[in-house]
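Undergrad: generate coordinates for the sequence data below:
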Amino acid sequence: MEQYVIKGGNPLEGEVTIAGAKNAALGILAAAVMTDQEVTIENVPNVRDTRVLLQAIQGIGASVRYIDEHTVAICGGTINPNNDLCVDDEFIRKIRASYYLLGALLGKYNQSKVALPGGCEIGARPIDLHIKGFEALGATVTIANGMIQAKAEALVGKHIYMDITSVGATINVMMAAVLADGKTTIENAAKEPHIVDVANFLNSMGANIKGAGTDVIRIRGVKELHGTTYSIIPDQIEAGTFMVAAAATKGNVLIKNVIPKHLEAITSKLNEMGATVIEYDDSVRVMVDKRLKSTNIKTLPYPGFPTDMQPQMTAALALSNGTSVVTESIFENRFKYVAELSRMGAHIRVEGNTAIIDGVPTYSGAAVVAPDLRAGAALVIAALVANDFSTISDIKYIQRGYEKFEEKLRELGALIEKVETEKDIQKFKFKVS
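TA: Coordinates of the predicted model:
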């Protein structure tokens, strides 16, 4: 089983380039099948989630052609709509993005069938809002035998109010609505950057979407979509992870290929903690030369502090001088990693959806297990600070969302290796000692 072995204590220094946004890529790759013409997508992150989704897209009959490591051409014209449009694959159950094919195929063919999604176990993420949106557009939705199926005689635009702000439901309903007859309005829509990116991608294919990035999205249905070439935005969560890693290790890192506006909530908290953050046009520099200060954080939908950055920031706050309070308002199981951080010496008490953190000077090396994607990144950050060796198991979660994570960290001076056996671990320890 692959794991990371890390010798902590080195401040991260140098430059790192951020990959395309995983969460935007998953919506965009699914939407690419909505035209019969070829679509070329650039800046695709080469991570496990995107590879799984591309396998699923091939599985329903679409043509997928890899132009280079980060560019893929997809043609939905080879899909046979007379076949059972069923995305039932052993891989697709591993990622939640499977449900984006539900909206894409429903929009194009008025029918779709997808295995119920999987992904990280960080809490209930019900698909009620997706179903509500599809039904409002005229579809009949059924769930049976681990599959969710949507069918419609025709999709017709409607006014849809989202009971809660949901990124997944906003993207899915938006995809289904772009080929519906008439006008659709989505109120209380999510405003995350990757929703804007999916909308811009669909518009580049001929869709008519206005208001993405606000809480009201207006869509006027079109008859068909056409081919396009599109480049995915940079990943704000990967960028934020390296920003926090630089701060936690008291480093000096220039993080390139970012949109600084997407990072404002993270930048603001790092400034409160005493880090120096310098913004440029498409990069940010994070520098820390003293112990971090405590602060309080509450996760909120964009433009609030992102839930996907909560574990990483908690790992940094556990090293700060003072007591911090982190409140998780999005997912109920997002503190499962706290027990692992405690093994490394963190003083964190969880009460319901709140973590009370009493800062410690440093971490101690330990053998820990990554419970999910972002928690795994948080444990890596802690291990980079720790005063001894650490091993992190179940790194398959980390590989879902970070491209060449250990390679990028090594280029910044981290002592980290991906290993498979105890012998590999001992070789690493001997090498770095």
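Undergrad: how about the strands of the stretch 51-200 of the chain, start to end?
TA: 63-68, 71-75, 86-87, 111-115, 140-144, 147-151, 159-161, 183-187 (DSSP state E, counting those that start in this stretch).
Undergrad: give me whichever of these is most buried.
TA: strand 111-115 (a mean of 23; mean count of other Cβ atoms under 10 Å). (Glycine included, C-beta is placed from N, CA and C.)
Undergrad: of the strands of the stretch 51-200 of the chain, which is nearest L384?
TA: Taking Cβ to Cβ, strand 63-68 is the member of the strands of the stretch 51-200 of the chain nearest to L384, at 30.6 Å.
Undergrad: mind giving me the packing neighbours of that closest one?
TA: helix 48-59, strand 71-75 (3 or more Cβ pairs under 8 Å, 6 or more residues apart in numbering; DSSP states H and E).
Undergrad: ok, residues contacting it?
TA: Strand 63-68 has contacts (Cβ atoms under 8 Å, 6 or more residues apart in numbering) with 38, 40, 54, 57-58, 72-75, 77-78.
Undergrad: quick one: strands adjacent to it?
TA: Its sheet considered, strand 63-68 pairs with strand 71-75 (antiparallel) by DSSP bridges.
Undergrad: would you mind writing the CA trace of stretch 20-32 as PDB?
TA: C-alpha atoms of stretch 20-32 as PDB (Å, rounded to 0.1, in the frame of the first residue of the first chain):
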ATOM      1  CA  GLY A  20      -6.100  23.300 -13.000                       C
ATOM      2  CA  ALA A  21      -9.000  23.300 -10.600                       C
ATOM      3  CA  LYS A  22     -10.200  19.800  -9.900                       C
ATOM      4  CA  ASN A  23     -13.700  20.800  -8.900                       C
ATOM      5  CA  ALA A  24     -14.100  22.900 -12.100                       C
ATOM      6  CA  ALA A  25     -12.600  20.100 -14.300                       C
ATOM      7  CA  LEU A  26     -15.100  17.500 -13.100                       C
ATOM      8  CA  GLY A  27     -18.000  19.700 -14.100                       C
ATOM      9  CA  ILE A  28     -16.400  20.700 -17.400                       C
ATOM     10  CA  LEU A  29     -15.400  17.200 -18.400                       C
ATOM     11  CA  ALA A  30     -19.000  16.000 -17.900                       C
ATOM     12  CA  ALA A  31     -20.400  18.900 -19.800                       C
ATOM     13  CA  ALA A  32     -18.100  18.200 -22.700                       C
END
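Undergrad: for that stretch, give the mean pLDDT please.
TA: Averaged over stretch 20-32, pLDDT sits at 97.
Undergrad: cool, thanks, talk later.
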